[in-house]
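Visitor: okay, here's the prediction I keep looking at, along with the sequence it came from:
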Amino acid sequence: MSKRLFAVLSVLMVAGMILTACGPKAATFECTDAIGCVDIAPDEPIHIAYMLTISGATAFLGEDSSGAIEIAIDDRGGKLLGHDILLTGEDSGCSAEGGQTAATKVAADPTIVGVIGTNCSSAATAALDTISAAGLVMLSPSNTAPALTIEGQTWKPGYYRICHTDLFQGAVAAEFAYNELGARTAATIHDGSPYADQLQQVFAKRFIELGGKVTFQGAVNVGDTDMRTILTTVASDSPDVLYFPIFEPEGDFIVAQSSEIAGLENTTLMGADGLLADSFPENAGPNVVGMYLSGPYVTGAAYDEFLAKWDAKFGGVPPSGFHAFAYDGTNILLDAIEKVAVVDEDGTVHIGRQALRDSISALGSYTGLTGKLDCTDKDFGELGTSHGDCATGGALGVFQITEAELNGAWPPAAVYTPGE
């Protein structure tokens, strides 16, 4: 090579190096999301959390939901966008105090992208301000109190309900009692919680619309064990149906003590999804045989596959009825994260918090284990606009407890579904 050619090549090489060093670089991500972004480094996990009731009498609900969340994550190989999925959790209990405590802990962790929870409407009611203010999304598998999604009531941006609203469940229960059981009088008992109070109100309203008469609406306190006084008041009118959409152990005591009260001999007992637990029949005792429970009803090949995965992972069957909603909610959250994420060349992930909310809110047609889901805004007539009510009124039924369930079998068979 000539000295002249070598010199020319050397100049070109140096010029190229200078251009490389000083030329255009890959654009640095700039977050323009209205409520901020979560930035996840290449070696960091995508962090989601649950807020569920995992202790006490309602722990079966948390176990039911957390197992389904784990299965949804397993189905993706534990990864999303090339990152591990990290699942952490807080015990929100089934109370306002538990919900607020859990929300405060979750909101303090800026790495959390979204939340699955809560189980109980009372916990969600207390948690929503904190969760919403933190820019998080929260998708509930089992909050059914209507006010949680109604604008101007409890609703706050970022909240979504994957399960049915009790506007559906209360109506289904009332229609079953009136049309199928032939009941013309009914009494209700609640426990003061948003879930139980709002559900019995819907039941009573629909029962009256159908032509029935509500003879009594009363309440017990969480923690009460002697239900004889309120049962005696109920019995004074000998209603055809007693509807008590509450939890264990209070529901257990109502069932166990009902046979002691004159005037209830011909009254049919009816609960709701708060008692749809494998522990309920044994805890309530022999009076449970023949009573009815309204609650989730899910069928289909995909659901059968899910149950097989549950059995392989945990053994047996889920302890309550909301696992399929937790599974759907987790998948909706993970799909939305995948859709809105901006991924750098080095694998860094940026997730806009408002973009995540907008993506879920725009979800108009999603097929899950529980059927068709639609998270767009809805007009609920005199109640106003509903935000984030993803369920469409299906996946509901009425179940009857038999001797088989009293002796340990689970779940009970559905005896009625809407539209039969």
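Guide: Good, I have the coordinates. This one's a predicted model, so the numbers in the text were calculated from it and none came from an experiment.
Visitor: part of a helix, is residue 164?
Guide: No. Applying DSSP: H, G, I helix; E, B strand; the rest coil, one finds residue 164 to be coil, outside a helix.
Visitor: next, count neighbours for it.
Guide: 26 (other C-beta atoms under 10 Å). Backbone N, C-alpha and C define where each C-beta goes, glycine included.
Visitor: for it, which non-adjacent residue is spatially closest?
Guide: residue 391 (4.6 Å; C-beta to C-beta, 6 or more residues apart in numbering).
Visitor: neighbours of the closest residue to residue 67 other than its chain neighbours, how many?
Guide: Once flanking residues are discounted, residue 67 sits nearest to residue 314: 5.7 Å by C-beta to C-beta, 6+ apart. If you count neighbours by other C-beta under 10 Å, residue 314 ends up with 14.
Visitor: and if you look at residue 165?
Guide: 27.
Visitor: ok, it - contacts?
Guide: For residue 165, the contact set (C-beta atoms under 8 Å, 6 or more residues apart in numbering) comprises 144-146, 149, 386, 389, 391.
Visitor: in strands, which of the residues you listed fall?
Guide: Among the contacts of residue 165, the members found in strands (DSSP state E) are residue 386.
Visitor: adding neighbour count, write the contacts of residue 165 out as CSV.
Guide: CSV is the format used below for the contacts of residue 165 (neighbours: other C-beta atoms under 10 Å):
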residue, neighbour count
144, 31
145, 27
146, 26
149, 26
386, 22
389, 27
391, 24
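Visitor: quick check, nearest of the contacts of residue 165 to residue 210?
Guide: residue 146 (19.1 Å; C-beta to C-beta).
Visitor: for residue 383, see how far away that closest one is.
Guide: The spacing between residue 146 and residue 383, counted by C-beta to C-beta, to the nearest Å, is 7 Å.
Visitor: what touches both of the two?
Guide: residue 167.
Visitor: about what we covered before: where's the residue nearest to residue 164 relative to residue 185, distance?
Guide: For residue 391 relative to residue 185 (C-beta to C-beta), the value is 30 Å.
Visitor: before we move on, what about residue 226?
Guide: For residue 226 relative to residue 185 (C-beta to C-beta), the value is 25 Å.
Visitor: quick one: secondary structure of residue 38?
Guide: Applying three-state DSSP: residue 38 is strand.
Visitor: do I have it right that it meets residue 351?
Guide: Yes. Applying C-beta atoms under 8 Å as the test, residue 38 and residue 351 come out as touching, 4.6 Å apart.
Visitor: overlap of the contact sets of the two?
Guide: residue 113.
Visitor: now the strands for the stretch 151-300 of the chain?
Guide: 159-161, 185-190, 213-219, 241-243, 268-271, 292-296 (DSSP state E, counting those that start in this stretch).
Visitor: tell me how far the first one lies from the chain's centre.
Guide: Computed by C-alpha atoms, centre = their mean, to the nearest Å, the separation of strand 159-161 from the middle of its chain amounts to 8 Å.
Visitor: cool, the second one as well?
Guide: Between the centre of strand 185-190 and the centre of its chain there are 26 Å (C-alpha atoms, centre = their mean).
Visitor: CA atoms only for it, dumped as PDB, please.
Guide: What follows is strand 185-190, C-alpha atoms only, in PDB (Å, rounded to 0.1, in the frame of the first residue of the first chain):
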ATOM      1  CA  THR A 185     -92.800 -12.400  50.800                       C
ATOM      2  CA  ALA A 186     -89.100 -11.900  51.700                       C
ATOM      3  CA  ALA A 187     -86.900 -10.600  54.500                       C
ATOM      4  CA  THR A 188     -83.300  -9.500  54.300                       C
ATOM      5  CA  ILE A 189     -80.400  -9.300  56.700                       C
ATOM      6  CA  HIS A 190     -77.100  -7.500  56.000                       C
END
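Visitor: hmm, back to that, ok, now which ones touch the residue nearest to residue 164?
Guide: Per C-beta under 8 Å, 6+ apart, neighbours of residue 391: 161-165, 168, 325, 370, 373.
Visitor: from these, which is closest to residue 307?
Guide: When the contacts of residue 391 are compared against residue 307 (criterion: C-beta to C-beta), the nearest one is residue 370, at 13.6 Å.
Visitor: could you check how far residue 389 is from residue 124?
Guide: Distance from residue 389 to residue 124, by C-beta to C-beta: 13 Å.
Visitor: what pLDDT is listed against the most centrally placed residue in the chain?
Guide: Geometric centre of the chain, nearest residue: residue 141, 1.3 Å, by C-alpha atoms, centre = their mean. Confidence at residue 141, expressed as pLDDT, is 98.
Visitor: swap in residue 412?
Guide: Per-residue confidence (pLDDT) for residue 412: 95.
Visitor: helix/strand/coil for residue 338?
Guide: At residue 338 the chain is in helix, as set by three-state DSSP.
Visitor: residue 80 is in contact with that one, correct?
Guide: Yes. If you go by C-beta under 8 Å, residue 338 and residue 80 touch, sitting 6.2 Å apart.
Visitor: tell me which of these two has more neighbours.
Guide: residue 80 (20 against 16).
Visitor: ok, what's across the strand from the more buried one?
Guide: residue 83 (DSSP bridges).
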